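1. What would the 3D arrangement of this be:
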Amino acid sequence: MMTERMTAAALFAGIGGFCLGFSRAGIPTSWAVENDPSAITTYRANTNGVEVITTDGHPADIRDVHVGTANLTPVDILHAGFPCQSFSQAGDRKGFDDPRGQLFYEIIRIIREFGDQRPSVLVLENSPHLRYGDGGSWFLELSKEIRRSGYWFRETNCAELDLFDLTELPQKRTRLFMVAFSTNRFRNGRFSFPAKESKTPKDLSKYIDFNGEANDMYYLPPENRYYKMISKKVDDPLAVYQLRKYLVRAKERGVCPTLTANMGLGGHNVPFVQDKRGLRKLTEYECLYLQGFPEGFSFPDEVPIHRRYTQVGNSVSPIIVELIAKAVRQKIELERS
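-> Model (predicted):
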């Protein structure tokens, strides 16, 4: 369905990174599916005019969502950052043998339930390792299912985009983006992803307050075992430090390491900095802004802090999504002309 006013829908919506990025490109989201109540609380606090699909009054599990019974309206674009734990190089790498990996097939099922009114464009996001895992068989399976559902899709419809290279944000974060085009709406599947910008100096101090003081809860006490391990390695007051497998790693000055959902597990999983008061974790809002969310975006008071970290780590960056959404919009408009 390609209308004059383009619309989108979200699967695995999280806190709305995809929705925010597409909205900035002039493409609003009509409906969204997300099963995490805490993420939905944050999503609803920051998003207006989107129908959040529910089952018996609760956030809907995608496996229980059907086009007919949920009255899902056809949209131009369907976007989804489906669970990546099964495909990540840092995970168990079980791929489609993992129940979380199998959730990809729910995207395919919903697409097929729309029939001839299927979305004109799919925009998917996941771990870059999906492309190479199990000797490339994961990507072959994904490609096969997308093409069988009536879309132009091939290797060139994928790109590994780094937040650091494409934006002003000083976070190293590479993700795999995939775009597919319905064969009954487009003459071909050619697509140009946003090009890398020339490397410009990043200013980490715009996002992290190295000279100020944070709330007490972010600081490690000197008797803490992580404090002892990390403080021994701190030799640059403008660097970010991370503990991984009992090794303290410092990113080069001006660069933040990849922010992950594991931050919500507490302990040493959140990156650390040394400010004027002491050794502390990055705050959840520093992480949120490093992910590309605007300052007006906020966490409701009822969302626990560990959930906030998880939500940031699970989210796609709306700044990169906006760049992709603008390119998608351009291709749709060209096909119409």
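2. Output the strand or helix carrying residue 320 as CSV, restricted to C-alpha atoms.
-> Assessed by DSSP states H and E, residue 320 sits inside helix 318-336. Coordinates of each C-alpha in helix 318-336 appear next as CSV, following Å, rounded to 0.1, in the frame of the first residue of the first chain:
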residue,chain,number,x,y,z
PRO,A,318,17.0,7.1,15.9
ILE,A,319,19.7,9.2,14.2
ILE,A,320,20.8,6.4,11.9
VAL,A,321,17.2,5.3,11.4
GLU,A,322,16.4,8.8,10.2
LEU,A,323,19.1,8.7,7.6
ILE,A,324,17.8,5.3,6.3
ALA,A,325,14.2,6.5,6.4
LYS,A,326,15.0,9.5,4.3
ALA,A,327,16.6,7.3,1.7
VAL,A,328,13.6,4.9,1.7
ARG,A,329,11.3,7.9,1.3
GLN,A,330,13.3,9.1,-1.7
LYS,A,331,13.1,5.7,-3.4
ILE,A,332,9.3,5.5,-2.9
GLU,A,333,8.9,9.0,-4.3
LEU,A,334,11.1,8.2,-7.3
GLU,A,335,9.0,5.1,-8.0
ARG,A,336,5.8,7.2,-7.9
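3. elements contacting it?
-> Using 3 or more Cβ pairs under 8 Å, 6 or more residues apart in numbering; DSSP states H and E as the contact criterion, the elements in contact with helix 318-336 are helix 17-24, strand 77-80, strand 121-126, helix 163-166, strand 174-182. (Glycine included, C-beta is placed from N, CA and C.)
4. Please tell me how far the longest one is from the chain's geometric centre.
-> Distance, stretch centre to chain centre, for strand 174-182: 13 Å (Cα atoms, centre = their mean, to the nearest Å).
5. could you check the angle helix 318-336 makes with that strand?
-> Orientation of strand 174-182 against helix 318-336 (axes from the mean of the first three to the mean of the last three Cα atoms, to 10 degrees) gives an angle of 20 degrees.
6. For residue 30, what is the enclosing helix or strand?
-> Applying DSSP H and E as the criterion places residue 30 in strand 29-33.
7. mind checking which helix or strand of this protein has the lowest mean pLDDT?
-> Comparing every helix and strand of the chain by mean pLDDT, DSSP states H and E singles out strand 247-250 as the least confident one, with a mean of 84.
8. Show me what secondary structure element comes after that strand.
-> The C-terminal neighbour of strand 247-250 among helices and strands, as given by DSSP H and E, is strand 272-274.
9. tell me the mean pLDDT over the helix or strand that that next one is followed by?
-> Taking DSSP H and E as the definition, the helix or strand that follows strand 272-274 towards the C-terminus is strand 279-281. On average, the pLDDT along strand 279-281 is 94.
10. Could you list the residues in contact with strand 279-281?
-> For strand 279-281, contacts defined as Cβ atoms under 8 Å, 6 or more residues apart in numbering pick out 214, 218-220, 227, 230-231, 234, 270-274.
11. at 7 Å instead, please
-> Outside of strand 279-281, the residues within contact range by Cβ atoms under 7 Å, 6 or more residues apart in numbering are 214, 218-220, 227, 230-231, 234, 270, 272-273.
12. So which residue is smack in the middle of the chain?
-> residue 316 (1.7 Å; Cα atoms, centre = their mean).
13. Give me the three-state assignment for it.
-> Applying DSSP: H, G, I helix; E, B strand; the rest coil to residue 316 yields a three-state assignment of coil.
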